[in-house]
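Q: just a sequence and a predicted model for now, questions to come.
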Amino acid sequence: MLLSVLSLIAFAILLALGTWQVQRLKWKLDLIERVEARVDAAPVAMPGPAAWPDLTDEEWDYRPIEVSGRFLPGEVYYFISLSDPRGDVGGPGYFVYQPFETEDGLVVMVNRGFVPDTRRLPETRPGSEAGEGRTTIIGLWRRNERGNFLTLAPDLGKRIWFVRDAREMATELGQRGDNVAPFTLDLTASFTPAGGLPQAGETIITFTNNHLQYVVTWYGLAAVLVAVYVVYVRRRLGRPREDGAAGAG
């Protein structure tokens, strides 16, 4: 009896895990389809502060944004290992973030692109300046990231971040207040300077999708459990008959 109860509980857990992975698979496929369609869409205007509290990742992440204004001085850096670059350089390095002031007086942190580890500082990459004066940029809307207990704290001495946080980055460069956007923009590839760095257009839009494998695993284990239990029950039911037959002989 106890074995039957335990088997039923284990079977229910395996089915629940498999069903959860089916739901995750659907979510992941919808996400991939949505992002692939969104990144090539026509850019829209950057939402203002009144809309910021209601912005959702599902609606806005990776959406192209067009905004006019000027770059402000200063850079911060986001560590990344670019394993599959679209441009000429990759490997360990940094995304370069610089504040951008819009014509409405808002400030948004802009990811200008990737630089290799040895060329993080501006003096190592002459000609990489953003330029002065009014300009219009197009970038992909990016959500803030959420760290966990394993996430490294920012190295404020070197202005290096390991988790993307728009307002923390802006504060380090003296930009603080309600006019600082709670999201960032990744410049598209056409905004790479003539010198090649920072290498824009390196937004990572590939997603790991192992959910189908997990679906097969959990449902497969459930099927194996049923098969083992059926064999066990048949043997238990058949044992008295076998014992009886032996006694009669």
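A: It's in.

Q: list the buried residues in the strand ranked longest in the chain.
A: Ranked by residue count, the top strand of the chain under DSSP state E comes out as strand 91-102. Using 16 or more other Cβ atoms under 10 Å as the test for burial, strand 91-102 gives 93-102. The way it works is simple: take the backbone N, C-alpha and C, and place the C-beta from them, glycine included.

Q: now stretch 223-236
A: For stretch 223-236, the neighbour count (16+ other Cβ under 10 Å) marks 225, 229 as buried.

Q: may I have that stretch as CSV, with CA atoms only?
A: Only the C-alpha atoms of stretch 223-236 are listed here, as CSV (Å, rounded to 0.1, in the frame of the first residue of the first chain):
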residue,chain,number,x,y,z
ALA,A,223,6.3,6.5,-18.3
VAL,A,224,9.2,4.5,-16.9
LEU,A,225,7.7,4.7,-13.4
VAL,A,226,4.4,3.4,-14.6
ALA,A,227,6.1,0.5,-16.4
VAL,A,228,8.1,-0.5,-13.4
TYR,A,229,5.1,-0.3,-11.1
VAL,A,230,3.0,-2.5,-13.5
VAL,A,231,5.8,-5.1,-13.6
TYR,A,232,6.0,-5.0,-9.8
VAL,A,233,2.2,-5.4,-9.4
ARG,A,234,2.1,-8.3,-11.8
ARG,A,235,4.8,-10.2,-10.0
ARG,A,236,3.2,-9.6,-6.7
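
Q: which other residues reach it?
A: 3-4, 7, 10-11, 14 (Cβ atoms under 8 Å, 6 or more residues apart in numbering).

Q: helix or strand right after the longest strand of the chain?
A: Using DSSP states H and E, the helix or strand that follows strand 91-102 in sequence is strand 107-116.

Q: tell me which strands and helices that next one is in contact with?
A: Counting contacts by 3 or more Cβ pairs under 8 Å, 6 or more residues apart in numbering; DSSP states H and E, strand 107-116 packs against strand 76-82, strand 91-102, strand 135-142, helix 166-172, strand 180-187.

Q: how about 7 Å then?
A: The contact analysis (3 or more Cβ pairs under 7 Å, 6 or more residues apart in numbering; DSSP states H and E) places strand 107-116 against strand 91-102, helix 166-172, strand 180-187.

Q: figure out which of the ones you listed is closest to residue 26.
A: Nearest to residue 26, of all the helices and strands packed on strand 107-116, is strand 180-187, at 26.2 Å by Cβ to Cβ.

Q: direction included, what does that closest one pair against?
A: Partners of strand 180-187 in the sheet, by DSSP bridges, are strand 107-116 (parallel), strand 135-142 (antiparallel).
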